[in-house]
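Q: Could you look at this predicted model? Sequence included:
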Protein chains: 2
Amino acid sequence: EGGKLKEPVILRSHGGRARAICSGDLHIDVAFIAASAADDYGNCNGSLGDSAFGALGFGYADAMHADKVVVVTDNLQPYPVTPISISQTFVDYVVEVPSIGDPGGIKTGTMQITKSPSRLMMAKNVVKFFAEAGILKDGFSFQAGAGGTSLAVTKFLHEYMREKGITGSFVMGGITGFVVNMLEDGTIKKILDAQSFDLEAVESMRKNPDHFEVSHIEFGNMHTGGCIVNRQHACFLGATEVDIDFNVNVNTHSDGMLLHGIGGHQDAAAGSDITVILAPLLRGRIPVIRKEVTTVSTPGDTVDVVVTERGIAINPRREDLIEKVKNMNVVSIEELYKKAVSMAGEPKKPKLGEDMVAVVEYRDGTALDTVRSVKGW
Amino acid sequence: EGGKLKEPVILRSHGGRARAICSGDLHIDVAFIAASAADDYGNCNGSLGDSAFGALGFGYADAMHADKVVVVTDNLQPYPVTPISISQTFVDYVVEVPSIGDPGGIKTGTMQITKSPSRLMMAKNVVKFFAEAGILKDGFSFQAGAGGTSLAVTKFLHEYMREKGITGSFVMGGITGFVVNMLEDGTIKKILDAQSFDLEAVESMRKNPDHFEVSHIEFGNMHTGGCIVNRQHACFLGATEVDIDFNVNVNTHSDGMLLHGIGGHQDAAAGSDITVILAPLLRGRIPVIRKEVTTVSTPGDTVDVVVTERGIAINPRREDLIEKVKNMNVVSIEELYKKAVSMAGEPKKPKLGEDMVAVVEYRDGTALDTVRSVKGW
């Protein structure tokens, strides 16, 4: 936003980035891939060694398509290093460094389960919603976000499924210890892991063959024979803003400042049978549910349900769901919007300049929205 | 040879075929990939199920580059099947059939260790040669052929290394139970497996994480960041014929008939530090060591040593080896040729027609030799 970059940034989802690289839209001159174990020919992984960080999901597309591939490691091992996550066939150089980073840093601040009573209630309502919708049965699969409320949903799902004797098929992630717990007690059969969010996930992927590493190509590149998100029964994701057309903003704050990437948001929403957005009506005095999002990160036609502390809104496209969850506190998205406005007033808008700072690309490669420079707030 | 094909066949090595597919030289319209376990989205492997056959090494290049990919399985499992050998992202269709074949057929007739005293002596001499050459030390790696004499070398290598307390780094294959035994007692640290030759290998790859599946791209595609054969200290391979320029024929019989593929012969020979060809002087009354091979399958400049029952010939290019193995019965290849002729006479040549039946392609994509139709013998 400081105007340091001459060209607008292109924001892509995890799956969209993989698609762009595989298709040639995004050309990479040199890829630097950090590995916690590598041999001198380039076979490497993130599973072994003192700096182990788990899945190398981001690295696959880069390794396969960059002009030059440099593996950087602090743990050079005798040939051949296995498991082979990134293969020697893609690697041009291997560089040894004293340290590739601190694995303790993997566990970021967002990895704490929420303690807010209203957020915990929202999380419980998501589980109840899935149960009422009839998808919580053997074979259930899901993807969880890494926010504190999403983690709470995972925990409550675990408790519910265990209590009811339901065995899920797989969890795709962004994987946390909460999901590992589900695998270890048999509540789910498999984990597909493109990014390990904490050290419990790292340890599990190293030890448990049912915790299987996948790439972001497999996770979400829609221009393939099929990506994993298509097989998810549910996902539950956060949002900075949601609008009355169910569009979701995860990129900009309401003051217009660009602060976040898309992550797997677009991909999970598009692929999952039921996409739930967890959002409070307000954050501080700023409405989260609004007439129009500041930036469209994920289009509303891929969002099915918005769960707030004041009720659940269902996308009118999903008449099937509306029918099934009659027993829950279902309200229209407009009602939620009006409640938010009644509490905090119509949100003010940032004063935008003419310069285009970023393009939000959809996962299929089309332009979804733009982010403009901010002159004031 | 019956003239049924309108165009000459192109014979390629395992690595050469992978190279041709990856480069686009060889276009595949539809790839049919048999899998002993698959899900309905195409994730599959050859490790699980009643028809398990082990490594899917051949399938990777095909799956990645064919226009359409059809997975054929007799063991459709719930999504997602792991380990994922061939990924759903490459697969267009999954077809269920009653049976993909009899895994008992994996153990072919060639998988028996030789009982011939002279072949066993040759095998022992290969081990002695490696020892004298100074490569039998910790970190030793090799690839073994699947012929009865090559299997004997593997067995004797195992005994020698175990006795001397030598720990090898890896064995690349075509993997047999003889190699699995080496992994299980710690004589070698890793197996890299592109094709499992017997059920012991299948079982080992399923259970042992140090027995790791690789593709034929990784095995031998020379137009990559590096293939596995380059890291082999030694290989020992069979031959139908060897000539005084160390060229090897594995494709045609001496009557000119085309009966065999190249397998990994070219790749192993080109990559390994020391390439040993195991060949008797005669087979029946037909000289194996001759002035000129009927067909060049593997060029002589990649062959270092020919071990026969009448002595060992070293390629003059390898002066370093000649120096090291002075204690062994080293003779010139011409002497071996003369001995063969003295025993069986100068071999007769097939009468060839004008039609080109096949082209032997080298692993880099250049034409190495041609095979012509046979008019008489």
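A: Noted; the coordinates are in hand. Numbering: from 1, shown residues only, chains lettered A, B, ... in the order given.

Q: who are the neighbours in contact with residue A:142?
A: A:157, A:168, A:171-172, A:232-236, A:272 (CB atoms under 8 Å, 6 or more residues apart in numbering or on different chains). Yep, even glycine has a C-beta here, placed from its N, CA and C like the rest.

Q: Closest one to residue A:5 out of those residues, please.
A: residue A:235 (31.5 Å; CB to CB).

Q: Make sure that closest one is actually in contact with residue A:141.
A: No. Residue A:235 lies out of contact with residue A:141 (CB atoms under 8 Å); the separation is 9.6 Å.

Q: Please identify which of the two sits among more neighbours.
A: residue A:235 (27 against 24; other CB atoms under 10 Å in any protein chain shown).

Q: what's the distance between the more buried one and chain B?
A: When distance is defined by CB to the nearest CB, to the nearest Å, residue A:235 is 16 Å away from chain B.

Q: Enumerate residues external to the host helix or strand of that residue that contact any of its residues.
A: Here residue A:235, judged by DSSP states H and E, is contained in strand A:234-237. By CB under 8 Å, 6+ apart, the residues outside strand A:234-237 that reach it are A:126, A:130, A:135, A:140-145, A:150, A:153, A:229, A:248, A:265, A:268-269, A:271-278, A:307.

Q: So which bits of chain A are right by chain B?
A: A:41-42, A:69, A:78-80, A:82-84, A:87-92, A:139, A:141, A:169-170, A:189-190, A:192, A:209-210, A:212, A:214, A:217-218, A:221, A:224-228, A:230-231 (CB under 8 Å from any CB of the partner chain).

Q: returning to that earlier point: what's the distance between the strand holding residue A:235 and the middle of its chain?
A: 9 Å (CA atoms, centre = their mean, to the nearest Å).

Q: State the next helix or strand along the chain beyond that strand.
A: strand A:241-243.

Q: Neighbouring strands of the helix or strand where residue A:190 lies in the sheet, and parallel or not?
A: For residue A:190, the element it lies in under DSSP H and E is strand A:188-196. For strand A:188-196, the pairing partners within the sheet under DSSP bridges are strand A:168-175 (parallel), strand A:211-213 (parallel).

Q: out of those strands, deepest packed?
A: strand A:168-175 (a mean of 26; mean count of other CB atoms under 10 Å in any protein chain shown).

Q: any idea of the mean pLDDT for it?
A: Across strand A:168-175, the average pLDDT comes to 95.

Q: so how far is that strand from its chain's centroid?
A: For strand A:168-175, the distance to the chain centre is 12 Å (CA atoms, centre = their mean).

Q: which other residues reach the helix or strand just after it?
A: Remark: after strand A:168-175, the chain's next helix or strand is helix A:177-184, criterion DSSP H and E. Here helix A:177-184 makes contact (CB under 8 Å, 6+ apart) with A:113, A:144, A:151, A:154-155, A:157-158, A:161, A:168, A:171, A:173, A:187-191, A:198-201, A:203-204, A:208, A:210-211.

Q: out of these, which are buried?
A: Buried subset of these (neighbour count, 16 or more other CB atoms under 10 Å in any protein chain shown): A:113, A:144, A:151, A:154-155, A:157-158, A:161, A:168, A:171, A:173, A:187-191, A:198-201, A:203-204, A:210-211.

Q: if I pick the most centrally placed residue in chain A, what's in contact with it?
A: The residue lying closest to the centre of chain A (CA atoms, centre = their mean) is residue A:264, at 3.6 Å. When contacts are counted by CB under 8 Å, 6+ apart, residue A:264 touches A:13-15, A:143, A:174, A:219-220, A:229.

Q: any chance of these in TSV, plus secondary structure?
A: Output for the contacts of residue A:264, formatted as TSV (DSSP: H, G, I helix; E, B strand; the rest coil):
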residue	secondary structure
A:13	coil
A:14	helix
A:15	helix
A:143	strand
A:174	strand
A:219	helix
A:220	helix
A:229	helix
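
Q: Select only the buried ones of these in PyMOL?
A: What follows is the PyMOL syntax for the buried subset of those, where burial is set by 16+ other CB under 10 Å:
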select buried, chain A and resi 13+14+15+143+174+219+220+229
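
Q: separation between residue A:12 and residue A:368?
A: 10 Å (CB to CB, to the nearest Å).

Q: Verify the assumption that residue A:156 is located in a helix.
A: Yes. Counting by three-state DSSP, residue A:156 is located in a helix.

Q: Just the pLDDT at the closest residue to chain B within the stretch 251-377 of chain A, thanks.
A: Using CB to the nearest CB, the closest approach of the stretch 251-377 of chain A to chain B is made by residue A:271 at 12.0 Å. Per-residue pLDDT puts residue A:271 at 98.

Q: Same check on residue A:147?
A: Reported pLDDT for residue A:147: 86.

Q: On the pLDDT front, check the residue nearest to it when sequence neighbours are not counted for me.
A: Nearest residue to residue A:147, sequence neighbours excluded (CB to CB, 6 or more residues apart in numbering or on different chains): residue A:238, at 4.1 Å. At residue A:238, the pLDDT value in this model is 95.

Q: My guess is residue A:238 contacts residue A:250. True?
A: Yes. Taking CB under 8 Å as the definition, residue A:238 is a contact partner of residue A:250 at 7.1 Å.

Q: rewinding a little: how about the contacts made by the residue of the stretch 251-377 of chain A closest to chain B?
A: A:220, A:227-232, A:235 are the contacts of residue A:271 under CB under 8 Å, 6+ apart.

Q: Name all residues that make contact with the closest residue to residue A:311 other than its chain neighbours.
A: Using CB to CB, 6+ apart and skipping the chain neighbours, the partner closest in space to residue A:311 is residue A:331 (3.8 Å). Contact analysis of residue A:331 by CB under 8 Å, 6+ apart lists A:310-313.

Q: ok, now which ones touch the residue of the stretch 151-300 of chain A found nearest chain B?
A: Proximity of the stretch 151-300 of chain A to chain B (CB to the nearest CB) peaks at residue A:224, 3.8 Å away. By CB under 8 Å, 6+ apart, the contact set of residue A:224 is A:22, A:217-218, B:88-90.
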